[in-house]
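Participant: Following is a predicted model, sequence given first.
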Amino acid sequence: MIITKAPFEACSSVLQIAFAGAASLTIMLAVPAIAQEAVDNIVVTGIRTTDQLSEIPNVTTVIRLEEIEARNKVSVADLLRNLPGIHVTQPSGQGGVTRIFVRGGDQNLTLILLDGIRVNDSTDSRGSAFDFSTVNMHDIERIEIVRGPQSAVYGSDALAGVINIITKETAAELGGSVFAEVGTDDYYQGAIDFSGPVGDEGGFSLRVATKDDGVPVEGTTFESDSVTGRLSLGSSESWLMKFVASYLDSEGTAFPEDSGGADLAVIRDVDSRSSEDFRLGFQGSSTLSEKWALNILATWYDHDSTYLSPGVAPGVRDGVPPNGGDATLQRADIAVNAVVASSDDLTITFGVDYYDEDGVSEGFVEFFPGFIIPADFEFDRSVLGAFGELHYKTKAGPVLMASVRRDEPDEESGETTSKIGFLYDFDGGQTSIRANWGQGFSLPGFFALASPLVGNPDLRPETSESFDIGISRWSPDRSVGATLTLFHSEFTDLIDFDATIFQMVNRDEVESDGVEMQLHFAVSETLNVEAQATYMDLEFKNSDVPLRQRPDWRGSLSMRWMPTDRWLVDAAWLYVGETFDSSIPTGDMFLDGYNRLDATVTLKYSEKLNLLLSVDNLLDEDYEEAIGFPSPGIRARLGVRVQF
């Protein structure tokens, strides 16, 4: 599903992409050699087997626990802001609607996983979105982001990419930690975790957290509580079983979307929303022989949400009547695959998966005072998928990955998707090139299909096709590196609301062309600098209406400095260019670009005690991510982390 689009002059766009690419290549060819080895990460996203990040073609970013703790962000959205190809909007704080755009694709075009569990909400009116504010930051071990279609691996929803949030594993020794933090605007959060061994090779963990975002902007609030438990049994050398269970509840308030926010909204009442999430996961693996392994994943997800909106008064555009509703989504998922190491260079994976989801919504729209129209709907769907994957790699040669998948929904036509990736290292790994092509699709959301007011049961799946090519250059000791990636994506049959017939329809086609640039520079053993920039040209084929809230240019510069063994300084500067937006009070307009600087200082007071001082929006930049929704100003937070 998409809202509005942005055209750019084709010739100008090509020149800008070419210029950006040439500048990055110049940097890559001139990287110096300074002593510090780059970290290679184990990844599990976008591939059915676990592998080194440097040995897969997918354009993948991994945020590790060390980075998460050093940056000390209050939400996943803030943690993702400084990544290439990713744009985040969170108007006025966590109480508002958070959107994460991957290469220009709206959030409902990206598959969101929590420990491999699908958490996209099919009952949501924006498609299959997910509220990142509800994730407990202290649960997270790492986050893996794969850019480009991944439906050949995961099936529906992975049109633009995949974001996989992986929680902390169990521990081999008995221990735990406590974290507490307070800040301005009545902000506070706390977390406690406890973990230890079970038997000779198993383990357990339990984490409890609470957060109150205070009142960063008039009308915006957010609170959440969560409990997460893990249990692991067995050994990865023979058999292994992992269990995870999590419960989370949250509630928040904010001015309605398109209302003009705290600055312009005529109706001063705010939206209120709350949710409860419960998820269960089981992962099992067994090594059958030297060449065969069997894996199973079984999950359960239950999402209950409630919202109440006062509506939006008419302005330049028509207003929105008061509305509300309660929705429940339940999803069961099971996947089984076999991994065959047919030779030292070739691994083949094949398997099947099945999920069943059921959504119920009881809603209303009050078109006139006292004139209430029910908006209840119920929809269920099951999808059977079969997939195969080939992974060919040699010690000194090319890496080839190919995947194909067939998905058969019970009530809709089936979809076949494929992807192929290629990676080749030159001169001992100093230079590498990679290329990826893939297809994606997303089944229509339950709201779009079944809403009694605007639903359309004849909607077709949204689809995508994408190609990217990249080159990386590292210094001999891999202390300095630069990466340039060019991409082209086409999204077709995107679902939008047609006001002329008051119904959801397939009509949108969007092309996204862009370049992602990254630079890693270890200035010394104690100072690391990273820079990234992204340029995107988004073209909406059938309309001159610009694409909302997507800048053409964005970039960031981050630094991690450890002047002594006890002090750590992490700072990140973010630049976002001019963006187009629209609101009911004002109609269409462009929002100015902005700069934002965040910083965290960590004092390692002792081996068990860390003190943290974080300042968000350090320069107190006054900017808007949506019309009339002022950004939270400068916020200071003081935290303490104790291990035991």
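Facilitator: That came through, no problem.

Participant: Contact partners for the closest residue to S309 other than its chain neighbours?
Facilitator: Distance criterion CB to CB, 6 or more residues apart in numbering; nearest residue to S309, sequence neighbours excluded, is D271 at 4.7 Å. Yep, even glycine has a C-beta here, placed from its N, CA and C like the rest. By CB atoms under 8 Å, 6 or more residues apart in numbering, D271 lies in contact with T253, A254, F255, P256, Y307, L308, S309, P310.

Participant: does F521 sit in a helix or strand, and which one?
Facilitator: strand 503-522 (DSSP states H and E).

Participant: Which strands and helices lie in contact with that strand?
Facilitator: helix 10-29, strand 480-498, strand 527-540 (3 or more CB pairs under 8 Å, 6 or more residues apart in numbering; DSSP states H and E).

Participant: mean pLDDT for those: which is lowest?
Facilitator: The weakest mean pLDDT among these belongs to helix 10-29, with a mean of 42.

Participant: check contacts around the residue positioned nearest the centre of the chain.
Facilitator: Centroid check for the chain by CA atoms, centre = their mean gives I163 as the closest residue, at 4.2 Å. Contact analysis of I163 by CB under 8 Å, 6+ apart lists L80, I100, V102, T110, L111, I112, L113, I143, E144, I145.

Participant: mind listing what the helix or strand containing it pairs with, with the direction of each?
Facilitator: Secondary structure assigned from DSSP H and E places I163 in strand 161-167. According to DSSP bridges, strand 161-167 forms sheet pairs with strand 110-114 (parallel), strand 140-147 (antiparallel).

Participant: What does the closest residue to D225 other than its chain neighbours show for phi and psi?
Facilitator: Among residues not flanking D225 along the chain, T210 sits closest, at 4.9 Å (CB to CB, 6+ apart). Phi and psi for T210, reported as degrees, to the nearest 10, are phi -140, psi 150.

Participant: State the distance from T210 to F179.
Facilitator: To F179, T210 is 11 Å away according to CB to CB, to the nearest Å.

Participant: And for G202?
Facilitator: Distance of G202 to F179, given as CB to CB: 26 Å.

Participant: Counting neighbours, go ahead and name the busier of those two.
Facilitator: Set G202 next to F179 and count neighbours by other CB atoms under 10 Å: F179 wins out with 21 against 18.

Participant: Contacts only, for that one.
Facilitator: Residues near F179 by CB under 8 Å, 6+ apart: H138, Q189, G190, A191, I192, G639, V640, R641, V642.

Participant: and the last one, what is it in contact with?
Facilitator: Residues near V642 by CB under 8 Å, 6+ apart: S177, V178, F179, K608, L609, N610.

Participant: Quickly run through the sheet partners of the helix or strand that contains it, with directions.
Facilitator: Per DSSP H and E: V642 is located in strand 635-643. Strand 635-643 has its sheet partners listed here by DSSP bridges as strand 175-183 (antiparallel), strand 609-616 (antiparallel).

Participant: Make TSV from those and add mean pLDDT and distance to L557 to it.
Facilitator: As requested, those are arranged in TSV below (pLDDT from 0 to 100; distance: least, CB to CB, whole Å):
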stretch	mean pLDDT	distance to L557
strand 175-183	96	24
strand 609-616	98	17
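
Participant: So T600: helix, strand or coil?
Facilitator: strand (DSSP: H, G, I helix; E, B strand; the rest coil).

Participant: Hmm, it is touching D616, no?
Facilitator: No - the criterion here is CB atoms under 8 Å, and T600 misses it with D616 at 9.4 Å.

Participant: by contact count, what packs against the top strand by length along the chain?
Facilitator: In terms of residue count, the longest strand belonging to the chain (DSSP state E) is strand 346-368. With contacts taken as 3+ CB pairs under 8 Å, 6+ apart, strand 346-368 sits against strand 323-341, strand 371-374, strand 377-393, helix 446-450.

Participant: Off-centre distance for the second one?
Facilitator: I take that to be strand 371-374. Distance of strand 371-374 from the chain centroid (CA atoms, centre = their mean, to the nearest Å) equals 36 Å.

Participant: for stretch 562-578, same thing?
Facilitator: 22 Å.
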